[in-house]
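Asks: output the structure for:
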Amino acid sequence: MDWTVDRCPEAEGHYTIRRDDGSEHGDTSGQPVATVYDADNAAKIAALPQLVRAARLAIETIEADQERMVKADVLNDEDRYFQGRCLEALRAAVAG
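Replies: Okay, here's the model as predicted:
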């Protein structure tokens, strides 16, 4: 589920990040995901669900590419090293 950013009605100059339920201000029935002062930080935080999905897709793509390269017998040590570094970083980011 994605998140949305809205100006915080309770505190001038703050931004509330809520679950995006398709309404104008997101899911206001529960506590917000976060409340922050800086609009840029609010946008970055709100993008986290999309970034996690992108990282998971990248992991799947690299793993599939490695499998294809192994079957074609073209996976060399340099490719294995750089793909491994990418996978390690992506998995760490997704794990939190």
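
Asks: so what's the residue of the chain positioned farthest from its centre scoring on pLDDT?
Replies: Relative to the C-alpha centroid of the chain, counting by C-alpha atoms, centre = their mean, residue 73 is the outermost residue, at 33.0 Å. Among the per-residue scores, residue 73 holds a pLDDT of 96.

Asks: got it, and the one 4 residues further on?
Replies: pLDDT for residue 77: 95.

Asks: that one: how many residues sit nearby?
Replies: By other C-beta atoms under 10 Å, 7 other residues sit near residue 77. To be clear about C-beta, it is placed using only N, CA and C from the backbone, and glycine gets the same treatment.

Asks: residue 58 now?
Replies: 16.

Asks: swap in residue 82?
Replies: Counted with other C-beta under 10 Å, residue 82 comes out at 11.

Asks: could you do residue 66 as well?
Replies: Residue 66, neighbours per other C-beta under 10 Å, totals 16.
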